[in-house]
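Chemist: Quick one, structure for this:
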Amino acid sequence: MTVNASPPDYDLADRIALTRPSQVRAIGHPLRTTILGLLHERAATVSELAVALERPKSTVAHHVNVLAEAGLVAVVRTRKVRAIEERFYGRTARMFYVGVERSPEGVDMPRDFNDFDVAAQESMAAYRDGKLWGFIRHARISEGQAAEFWDRMAALVAEFDRLPRSGKTVYGFAAGVYPTDHPTLPESDT
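Modeler: Residues are numbered from 1 along each chain as shown. Below is the predicted model:
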């Protein structure tokens with residue numbers, strides 16, 4: 001499904017499942033996740049990304065190529081500047097999620113990739129400064145109810161992604177639904 005909402009300033013799918021280990025490894029690098037975050041704002045050239053990231057253009061180009069080979073970014077438009085064609089890269093989806101099925105190569109997904117590891121590292125300073133808003137709840141619900149709830153959370157994430165970009169602070173938003181071994185009360189006799 002393609003969406004014409006803003007941001008960013010180009011069309012992209014709502015969600016894409018990452019089913020290949022190479023895709024998961026591609027987003028497992030902090031610089032590449034930062035690049036994907038910047039591309040939520042608008043399409044950008046490697047030069048623009050290098051300036052924003054304060055990294056050498058060759059380093060950024062390498063990471064953009066890894067993302068492109070994994071199908072996570074693509075050239076969304078070009079512009080002729082003197083004799084050179086400048087390429088603007090954009091994300092291929094607003095949200096990437098790790099698919100639960102085995103990859104087509106028959107290899108399980110890497111176990112060391114976890115969005116919450118990234119969120120925990122990013123949020124440490126906010127926690128220390130008293131600026132971290134969060135909560136955790138546990139509920140004994142069916143698998144179907146968990147899936148329905150996750151669909152509503154995904155819609156909230158999509159809403160967060162579409163917020164107009166303003167201000168000087170970038171906020172992170174982490175959400176998850178997962179089975180636990182949290183204790184439960186026995187069935188009531190009454």
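
Chemist: Pull up the per-residue confidence for Glu130.
Modeler: Wrong residue type there; residue 130 is Gly, not Glu. Note for Gly130: predicted pLDDT of 78.

Chemist: Shouldn't it be within a strand?
Modeler: No: the assignment for Gly130, made by DSSP: H, G, I helix; E, B strand; the rest coil, is coil rather than a strand.

Chemist: got a list of what it touches?
Modeler: With CB atoms under 8 Å, 6 or more residues apart in numbering as the criterion, no residue contacts Gly130. For glycine as for every other residue, the C-beta is placed from the backbone atoms N, C-alpha and C.

Chemist: I'd like the distance between it and Asn65.
Modeler: For Gly130, the distance to Asn65 equals 40 Å [CB to CB, to the nearest Å].

Chemist: try Lys131
Modeler: 36 Å.

Chemist: any weak-confidence spans in this structure?
Modeler: Along the chain, the parts satisfying pLDDT under 70 run over 1-7, 99-121, 181-186, 188, 190.

Chemist: And the helices in it, which stretches?
Modeler: Using DSSP state H, the helices found in the chain span residues 21-27, 30-38, 46-53, 57-69, 115-128, 143-162.

Chemist: So which bits of the shortest one are buried?
Modeler: Just to be clear, that refers to helix 21-27. Pro21, Gln23, Val24, Arg25, Ala26, Ile27 (16 or more other CB atoms under 10 Å).

Chemist: For the residues you listed, work out which two are farthest apart.
Modeler: Pro21 and Ile27 (11.4 Å; CB to CB).
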